[in-house]
Structure formats: structure tokens, C-alpha cells
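[1] Structure of the sequence below:
(one chain, ligands or ions: 1)
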Amino acid sequence: MLQFPKSFFWGAATSSYQVEGDNVNSDWWEWEKRIALKGPCQKACRHYDLYREDFDLAKQLNHNSHRLSIEWSRLEPEEGRFLAKELEHYKLVIDALKERNIEPIVTLHHFTNPLWFAKIGGWQNKNAHKYFLRYAEKIIELLCENVRFWVTINEPMVYAYHAYILGAWPPQEKSFLKAQAVVDNLALSHIKAYSLIHGIYKKRNLPKPFVSIAKNMQLFEPCKRTLKNNLAVYLRDKTFNFNFLDKLTKHKTLDFIGINYYTRSLVDVKKWYFKNLFLDCCKENHSQLEKNSLGWDIYPEGLYSLLLRLKRYNLPIFILENGICTEDDTLRWAFIYRHLKSLYLAIREGVNILGYIYWSLIDNFEWDKGFSQRFGLIEVDYNTYNRRIRESAMCFAQVCKTGMLNHSCSN
Ligand code: IFM
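    Numbering: from 1, shown residues only. Reported below is the predicted structural model:
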């Protein structure tokens, strides 16, 4: 039996576009239509209407915290025009969590943008931070009385990689230079938002908030130990995992470190070109590890070793996402168990961890993969929008209730 700290946060996450439905003023909505994406978002999980029912389920599962995001394109569908109705909606969403004694963790940007913002260059626009801050100010002024945890940007490197290097997400660019500009603008926006948020809380005499980002981290490992592979592992680890955090900590703009962890990445570089050093992955299946339904290696040991390396920042760490898409719910519980064990071992080694948020509370829209991937503790029937609690969710609920981890989960 493994015992976690008493004051641990336990919960699950969602993001607005992936669950709400009908976010018609977002760049993703327009892009899905334009490229005729198979399995477009449409009504998603109808969480916009059903959030109270979903939070009842989270409560029933003993969650004491919940991570969600605000859809910028709903609040500001046209430049500078904020909709009172949508501001009121998010106020009610946060109230609904508070009424259930669930701590809200609020993300300001989770991959999607208002279409008008995308049309003026999105995160490549040198004034991007000004637009972002204007929106951030509105929502922070509105919610500050009820929110302590803010996540400014979700997975900045993942966003830049998919949208500006791989060309898999809107605006489908393939340019390292553009990606770098986007990453710089995201960092600047965080740094400015950090001061903005703290300033608002100070002005209103509220206790200090906790502000961070959600940083996706992967363990990079070489397929074979060659010079090219070793160099690539070093470069990717530095640029993907650490540079962004280094910059924000240098500016003293993180109150904790938010981490999203899913998998490791096997590196196998074919040529000595810049592009290959950063992009080549192991094509032949060298990995013997179990995988999720997207083919990602399940590797809890990677979480442990990254957590120990994060100790050097001397900041508390919050796991803001960790999860598995699978049709096999037994595998889901095994995944959660093994990752929690890694967390426990890291805590024993002196890593200060605030909590663990599973991705995701409910099945949802997995971006360009549509609805086929099932990450949820709760299953969603996309015909009826009925919810069904999975067995793995019940096992996790025991941990949330007792703070104790026991593999043989009996419900
Ligand atoms: O669904 C995504 C989420 O939006 C960001 N983190 C990773 C998840 C699984 O791919």
C-alpha cells in the first residue's frame, strides 16, 4: 500500500474545444470544414450543456480538483467584442465546481484560437501577446475570486510542433523559423500574463494565485547508441523539454511546474541534416513495450526520471495530464497504477508534487484523430451523449478517496 501526501490534489482534465461542441468561431472549426476532416468536432461531448452532470460524476468519483480550459473564440468571436453571455457561462461553470467542492485549475489557451486572431497571423503576429492579454484580463477579472490555479498555455512545444513544423494542425505550416517565432511569442505571452494575473490578485487583496503552464515532457531515448542518435537525444531533450521552462524560470514567472506526461520517444536519425536531427524517429518497431491505441509506448519509468531532473528548479510540480487512450479498460487502470507508483517513488526521493490530474475525465475529440481515441475515465456514447463510468475510474476513485495506492483494485 503506497500512501500519498494528505493534501494531494486528485482529479481529471478536459479542454473546451475537445468537449464543449459548437465552437464555431475557432480556427479549428473552420480548418476541419476546409480540409473535410474525418470525424469533425461538431457537438463534441455536449459538455457546454452537460457540464453540471459531468461535474456530478467527477464528484461521485471523489475528485477534489478539475482542470478545464476557456474557449477564447467563444468569449471574443470578433476582435474586441466580448460576449457577456459567454462570460456568464464560464462563471457558472466555475461556480458549479466550487459548489461541489472541486478545485478549478483553469487553462487560458489550449491549442485553439479565435478565427479572427488566426487570420491576422495568430501566434506569429508580433502583437499576439497584446490580444491574448486583453482576453486573459477579462477572464481573470471575472473568475479571480473563485480560481487559485491558472495555466496560461497548454503544451507550447506540442502546439508549435504540430501546427508549424509537422503541418498537421492549423495553420499547417512547415517551418522551423516560424515555429521558433511562435514559441517566443507564447513565452512572452506567459511572462506578461504572469504579471497581469498577480497584479489583479494584489489589487483585489486576494491571496496569491498559483500560475504556470502545462509543459508536455517526453523521455527521448536512442534506438541504437550512435553518435547521431546521441546528439539528437541531447538536442531534443534540451529544446522540447527544457528550454521553455528555463526561460520562464529565469524570468521568475512560474509558481509551480505543470507537467503533461504520456510517453517516451525513440530517436533514430538517418542523416546529418538539421531536420533529421530534430524529426527522425524509430520506424522499425524496436520497442517491446505495451502501447496505447495511438501506438505510443507506455513508459512510467520516464515520468520518474523526468521528475527527478525537474528537482533542479526547486518548484512544486503538478501533474496536469497523464492518461491513455485504449479500448482495454484493464490496461487503463494498469497505466494509472504504474504512473502513480512512479510519482510515489519520486515523492520519496524528495520531489514536491502537488497533485495528479488524469487526462481525461470523459472521452473526447482527439484533434486530427477525431473521436476514435478513448482517453476517458468516463465513456461517452456519441449518438446519445450518455455517459458511463468505466471500471478504471472506480479504481482511481478509491485512490482519490483514500490517498492510498493499492494495485488489486476491488470494486
Ligand atoms: O488530447 C490531448 C490534449 O489536448 C493535450 N495533451 C495530450 C492529449 C492527448 O493527446
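[2] can you pull out the strands in the stretch 201-350 of the chain?
    210-222, 257-267, 317-321 (DSSP state E, counting those that start in this stretch).
[3] Please name every helix or strand in contact with the first one.
    The one in question is strand 210-222. Counting contacts by 3 or more CB pairs under 8 Å, 6 or more residues apart in numbering; DSSP states H and E, strand 210-222 packs against strand 149-154, helix 156-160, helix 176-203, helix 227-236, helix 243-250, strand 257-267, helix 300-310, strand 317-321. Where you see a C-beta, it was placed from the backbone N, CA and C, and this is true even at glycine.
[4] what would these look like in JSON lines with mean neighbour count?
    Converted to JSON lines, the helices and strands packed on strand 210-222 look like this (neighbours: other CB atoms under 10 Å):
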{"stretch": "strand 149-154", "mean neighbour count": "26"}
{"stretch": "helix 156-160", "mean neighbour count": "22"}
{"stretch": "helix 176-203", "mean neighbour count": "18"}
{"stretch": "helix 227-236", "mean neighbour count": "17"}
{"stretch": "helix 243-250", "mean neighbour count": "16"}
{"stretch": "strand 257-267", "mean neighbour count": "24"}
{"stretch": "helix 300-310", "mean neighbour count": "19"}
{"stretch": "strand 317-321", "mean neighbour count": "26"}
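[5] Can I get the ones you listed in CSV including distance to residue 96?
    Below are the helices and strands packed on strand 210-222 laid out as CSV (distance: least, CB to CB, whole Å):
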stretch, distance to residue 96
strand 149-154, 17
helix 156-160, 28
helix 176-203, 22
helix 227-236, 41
helix 243-250, 31
strand 257-267, 23
helix 300-310, 31
strand 317-321, 20
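[6] so can I have JSON lines of these showing distance to the ligand and mean pLDDT?
    Below are the helices and strands packed on strand 210-222 laid out as JSON lines (distance: least, CB to the nearest ligand atom, whole Å; pLDDT from 0 to 100):
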{"stretch": "strand 149-154", "distance to the ligand": "6", "mean pLDDT": "99"}
{"stretch": "helix 156-160", "distance to the ligand": "7", "mean pLDDT": "98"}
{"stretch": "helix 176-203", "distance to the ligand": "15", "mean pLDDT": "98"}
{"stretch": "helix 227-236", "distance to the ligand": "18", "mean pLDDT": "98"}
{"stretch": "helix 243-250", "distance to the ligand": "15", "mean pLDDT": "98"}
{"stretch": "strand 257-267", "distance to the ligand": "5", "mean pLDDT": "98"}
{"stretch": "helix 300-310", "distance to the ligand": "14", "mean pLDDT": "98"}
{"stretch": "strand 317-321", "distance to the ligand": "5", "mean pLDDT": "99"}
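[7] Not counting sequence-adjacent ones, nearest residue to the closest residue to the ligand within the stretch 1-150 of the chain?
    Of all residues in the stretch 1-150 of the chain, residue 15 sits closest to the ligand, at 5.2 Å by CB to the nearest ligand atom. Nearest-residue entry for residue 15: residue 110, 4.0 Å, with adjacent residues in sequence omitted and distances by CB to CB, 6 or more residues apart in numbering.
[8] picking that back up, quick one: which of the helices and strands packed on strand 210-222 is nearest residue 409?
    Between residue 409 and the helices and strands packed on strand 210-222, the shortest separation by CB to CB is 16.7 Å, and it involves helix 300-310.
[9] which helices and strands does the closest one pack with?
    Under the contact rule (3+ CB pairs under 8 Å, 6+ apart), helix 300-310 is packed against strand 210-222, strand 257-267, helix 329-348.
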